[in-house]
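# Sequence unavailable; structure follows:
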């Protein structure tokens, strides 16, 4: 599904953030990437999603056999790459439902499927709103405007559920969530685990992994993956902290 | 007729003086009013950009190539997409002249007089003669309008009468190669209410010069929406002069979506205590279009409120401007006035000017204003693209989202939806320009 080879990336100001990442994620797998602040977690997510402001200086990213880095951000999304934002953006004036239908239909057009009309879309929305306990009136507001922190994060997972990506990257989706919201988000993510879908969880803390069990855990430190293991690695990190990895 | 004039005439005014023909069969006061208007225009001529109130508009093309008043045109087919669906009361003007064939005025309730200015001159003589007072005295084109107006509409509502159905006024022009002068009057008796949508559209080259006087009696409420979708060769100058009595409420809205050179000016005087003035609007300019929204709100009584939100978008080589002045006079204590101008620039050659202005002569008032000009929010653009929405569509969504805010404040749902549709269609075309 996703092969990252020796990926180096820097900011426009020249600071190198990713210093040679190697990672392979297969369909059906859930990977967790953990690391302290400033280790490059969000940069990795941004580079994979195609955000401007980063320059890849070395290495490659192959997604479903194609060069991911050559695709514009919107094409990546239509090809099935989804980024759940750490800080979902507020967009005044753009209605949530309208936005999501535009996104869904952009993907459907891309795949040669018929677009959903307003009625079909509404039916599709209703089932998934329930799953994440999002009220329908939230959908009638502008995108993320006036949403609480938890609502914004649940909205990200709701969008993911609607768009049914092949590769989902969740950038610190657990940050700022209380335990109830965390459970809801985890339920949403677990509901999306599928043999043809890969999920990459980027997180600072282990607690999300209590609810979503990863197949692999990687530790990102200073722009490199310094350690990989199964889910027990996360628990170990929680006990010893990132400092111990550093020393190792 | 220029022999009547014994003072220096501005050269650019000369062709209009020469074209002025004394109408026959009009009452003496009107003939006098027209001559006074012509004299004022002859003295003033076209405003230049040195005049503060006109600094953002280029009228030189019109000065160089005068557009004289034309002869009444034939009836045109009504552009159905521009019409408000289900409007029961409709007045249509073609090339500034009332078209009874295209209009529909059935079912007017008791206490409501609605018709053309020409009909009002016969049937509502006393009321209409007061337009000689509301003449927009300092405004050169209002003066020219006084001299040359062909027709217009009059709405006169008696005390306490509410007109639920919106009135639709459609101003059409068919490649007139002329100037079209319309003059209208809205007179709302105490406690009466009305909603008006005026649509301006046309093809080819023309100069529209529209003037309206609105008078709201105590506790009267007027909601008026102007939709401007003129031809890209057209010059559209609209001027409104409104007076609000005590506790009167004005909701003015203007949506400027097309026209080579468009200027919409509203002057509102709050003369009675606790009057409410809402002026909102939006403009979109692209290509080489110019659009100006100019407002001047005069708080002359106690406890008045003004709420003003104007949003603008400029693409291509478009030039948009907002000039808004709020004056709070000495006695106008407890005035609460808010004015906001927000603008979006798309492309390196588009220009937007914004100039909010407060003049406060009372000490117990709340006044706030804010203005901004910026580019599309890159973070929002990426968010939409990260969900698969192609760049062009994402941009359009953001621009539309930006402009929807003031439109969504329109109270009448049919008018609101109509304007949102027109806005959407306009923005869909923006990408090609």
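Okay, I see it. Everything numeric here is computed off the predicted structure, so don't read it as measured data. Numbering: from 1, shown residues only, chains lettered A, B, ... in the order given.
# how about the helices in the chain?
Since no chain was named, I'll use chain A. A:41-49, A:73-78, A:96-110, A:118-131, A:136-139, A:149-163, A:179-192, A:207-211, A:232-240, A:242-247 (DSSP state H).
# that's the wrong chain, I meant chain B
Under DSSP H, chain B gives helices at B:14-19, B:28-44, B:60-64, B:117-123, B:125-129, B:140-148, B:378-385, B:391-408, B:413-430.
# how far off helix B:140-148 does the second one point, in degrees?
Pointing back at helix B:28-44 there. 140 degrees (axes from the mean of the first three to the mean of the last three Cα atoms, to 10 degrees).
# Repeat that for the last one.
Following the same axes, to 10 degrees, one obtains 110 degrees for the angle between helix B:413-430 and helix B:140-148.
# Any residues of chain A in contact with chain B? List them.
A:49-52, A:72-74, A:77-78, A:82-83, A:85, A:88-94, A:98-100, A:102-103, A:106-107, A:110, A:142-143, A:159, A:163 (Cβ under 8 Å from any Cβ of the partner chain). For every residue, glycine as well, the C-beta is placed using N, CA and C.
# Would you mind giving the helices of chain A as JSON lines with mean neighbour count and mean pLDDT added?
Formatted as JSON lines, the helices of chain A follow (neighbours: other Cβ atoms under 10 Å in any protein chain shown; pLDDT from 0 to 100):
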{"stretch": "helix A:41-49", "mean neighbour count": "22", "mean pLDDT": "95"}
{"stretch": "helix A:73-78", "mean neighbour count": "24", "mean pLDDT": "97"}
{"stretch": "helix A:96-110", "mean neighbour count": "20", "mean pLDDT": "94"}
{"stretch": "helix A:118-131", "mean neighbour count": "14", "mean pLDDT": "87"}
{"stretch": "helix A:136-139", "mean neighbour count": "14", "mean pLDDT": "86"}
{"stretch": "helix A:149-163", "mean neighbour count": "22", "mean pLDDT": "91"}
{"stretch": "helix A:179-192", "mean neighbour count": "17", "mean pLDDT": "88"}
{"stretch": "helix A:207-211", "mean neighbour count": "19", "mean pLDDT": "88"}
{"stretch": "helix A:232-240", "mean neighbour count": "15", "mean pLDDT": "82"}
{"stretch": "helix A:242-247", "mean neighbour count": "13", "mean pLDDT": "62"}
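# okay if I get these as a markdown table plus distance to residue B:344?
Formatted as a markdown table, these follow (distance: least, Cβ to Cβ, whole Å):
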| stretch | distance to residue B:344 |
| --- | --- |
| helix A:41-49 | 25 |
| helix A:73-78 | 21 |
| helix A:96-110 | 18 |
| helix A:118-131 | 28 |
| helix A:136-139 | 26 |
| helix A:149-163 | 24 |
| helix A:179-192 | 34 |
| helix A:207-211 | 38 |
| helix A:232-240 | 45 |
| helix A:242-247 | 44 |
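# picking that back up, looking at the helices of chain B, which is buried most?
helix B:140-148 (a mean of 25; mean count of other Cβ atoms under 10 Å in any protein chain shown).
# helices or strands up against that one?
helix B:14-19, helix B:28-44, strand B:179-188, strand B:207-216, strand B:235-244 (3 or more Cβ pairs under 8 Å, 6 or more residues apart in numbering or on different chains; DSSP states H and E).
# repeat that with 6 Å
helix B:28-44, strand B:179-188, strand B:207-216 (3 or more Cβ pairs under 6 Å, 6 or more residues apart in numbering or on different chains; DSSP states H and E).
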